[in-house]
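Q: missing the sequence, but the structure's below:
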């Protein structure tokens, strides 16, 4: 998860443009660091993603679409029997004495007539008021679009002002920043030179100590035979 306290120390108006090898090296370091942490598309300040809570009917329909061979073109839903709105077939002459087929055909005719009547009313309303409703809807959408465009323009203007302010500050203080950078580099160089000199002195001291230790051991071995000869002479 990205840190909410990240500070980007960027000085685009003071630092020179990196060369291609430097950019490739930086990108390699970034890729190596990103490989250690899994990517999280959500920012730390954003709330967790909302878990959907569909009704059983909606969930079953989504499962049906997902189980289709081509989810982008699922098979049409056959939950509504459209045959009830079709023109019924009249029974034959041999069923004149049987009331059940006639009653079923009559009920289907009533259903189709009610559907066609409602359909006619809706088409008449659409013909009378549909154009105005469509224009009003477009006007509302255009108003929302203009409001969003104003917000985008204001955000871009704020970004431009921040960029200009940063550019002015960096250019006004560019000389001081460059001087401090050069002083820091010289200081680091002097520290490294001092460390190298100290390491050389340490090695010289170690060499002198080893030489003294070697001379001390040699002198001790030379004095021991002389003492033995003096003891024999006295005896």
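A: Now that the structure is in, tell me what you want to look at. Not measured: the values here are computed from a predicted model.

Q: all contacts plus neighbour counts: C-alpha atoms, from now on.
A: OK.

Q: what segments of the protein are strands?
A: Along the chain, no segments are classed as strands by DSSP state E.

Q: which one's the longest helix in it?
A: helix 99-172 (DSSP state H).

Q: name the helices or strands packed onto that helix?
A: Taking 3 or more Cα pairs under 8 Å, 6 or more residues apart in numbering; DSSP states H and E as contact, there are no helices or strands that helix 99-172 lies on.

Q: residue 108: neighbouring residues, count only.
A: 19 (other Cα atoms under 10 Å).

Q: and the pLDDT at it?
A: Confidence at residue 108, expressed as pLDDT, is 81.

Q: who are the contact partners of it?
A: Residue 108 sits next to 84, 85, 86, 87, 88 when contact means Cα atoms under 8 Å, 6 or more residues apart in numbering.

Q: closest to residue 130 among these?
A: Nearest to residue 130 among the contacts of residue 108: residue 85, at 25.0 Å, using Cα to Cα.

Q: list the contacts of the closest one.
A: 108, 111, 112, 115 are the contacts of residue 85 under Cα under 8 Å, 6+ apart.

Q: switch the cut-off to 7 Å
A: Residues near residue 85 by Cα atoms under 7 Å, 6 or more residues apart in numbering: 111, 112, 115.

Q: neighbour-wise, which one of those residues leads?
A: residue 112 leads these on contacts (other Cα under 10 Å) with 18 neighbours.

Q: quick one: that one and residue 82 touch, right?
A: No. Between residue 112 and residue 82 there is no contact under Cα atoms under 7 Å: 10.1 Å.

Q: quick check: neighbours shared by those two?
A: In contact with both residue 112 and residue 82: no residue, using Cα under 7 Å, 6+ apart.

Q: hang on, the earlier thing: kindly reformat the contacts of residue 85 as TSV containing distance to residue 141 and pLDDT.
A: Formatted as TSV, the contacts of residue 85 follow (distance: Cα to Cα, whole Å; pLDDT from 0 to 100):
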residue	distance to residue 141	pLDDT
111	38	83
112	38	83
115	33	85
